[in-house]
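**Q** Kindly return the folded structure for what I paste below:
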Amino acid sequence: RKAGRTSASAFVEELVDSLPAFRDAVLYDGRTLTLHRKAQNLAADLATLYGSRDERFAFPDVDQLAADSGPTTIAVLRAKGVLRLSGELAAAVDGGEELPAGPHERALRAAAVTACDRIVAAARKAESQAE
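**A** Below is the predicted model:
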């Protein structure tokens, strides 16, 4: 927007609507999962880099963006024991192999976002109990 503040979610929507490369939705188990990984990462990066200096990027809802659903997040969650995978899939992830688009890749991406949401919720709960 040219004037005023906008939200990270509105910024992501605008990117996705305007630029096809930012559309990231996959069909999984008969449902459409809308991840928009690249658009959300761009919004988060802009907020981090420029949010304190430029109000256009001081998104009030940046903390509501989904966790990154990419291979690095999946590998870290796997290494920390958060994601438990079948033997063949574990070997591929542990070996740094890029998974082809398909049901395994989609399930891992969705699981990574869900796991990160649960980690954040647990951290917030622990923080509120400590106060």
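**Q** Only C-alpha atoms from now on, for both contacts and neighbour counts.
**A** OK.
**Q** who does the lengthiest helix in the chain touch, helix- and strand-wise?
**A** The residue-count maximum for a helix in the chain (DSSP state H) belongs to helix 103-130. In terms of contacts (3 or more Cα pairs under 8 Å, 6 or more residues apart in numbering; DSSP states H and E), helix 103-130 is packed against strand 25-28, helix 71-79.
**Q** Quick check: buried residues in it?
**A** Residues Glu105, Arg106, Leu108, Arg109, Ala110, Ala111, Ala112, Val113, Ala115, Cys116 are the ones in helix 103-130 that count as buried (16 or more other Cα atoms under 10 Å).
**Q** List just the nearest of those residues to Leu42.
**A** Val113 (16.7 Å; Cα to Cα).
**Q** hey, which helix or strand in the protein has the poorest pLDDT?
**A** Lowest by mean pLDDT, DSSP states H and E among the helices and strands of the chain is strand 25-28, with a mean of 78.
**Q** starting at the chain centroid, how far to the helix or strand just after that one?
**A** Later in the chain than strand 25-28, the nearest helix or strand by DSSP states H and E is strand 31-34. In terms of Cα atoms, centre = their mean, to the nearest Å, the centre of strand 31-34 is found 14 Å from the chain centre.
**Q** Please work out the average pLDDT along strand 31-34.
**A** The predicted model assigns strand 31-34 a mean pLDDT of 84.
**Q** ok, it: who's next to it in the sheet?
**A** If you go by DSSP bridges, strand 31-34 pairs up with strand 25-28 (antiparallel).
**Q** List the contacts of the strand it pairs with.
**A** Applying Cα atoms under 8 Å, 6 or more residues apart in numbering, the contact partners of strand 25-28 are Thr32, Leu33, Thr34, Leu35, His36, Pro103, Arg106, Ala107.
**Q** Just the C-alphas of that strand, formatted as PDB.
**A** This file holds the C-alpha atoms of strand 25-28, laid out as PDB (Å, rounded to 0.1, in the frame of the first residue of the first chain):
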ATOM      1  CA  ALA A  25      -0.600 -24.600  -2.600                       C
ATOM      2  CA  VAL A  26      -0.500 -28.400  -2.800                       C
ATOM      3  CA  LEU A  27      -3.100 -31.100  -2.800                       C
ATOM      4  CA  TYR A  28      -2.700 -33.500   0.100                       C
END
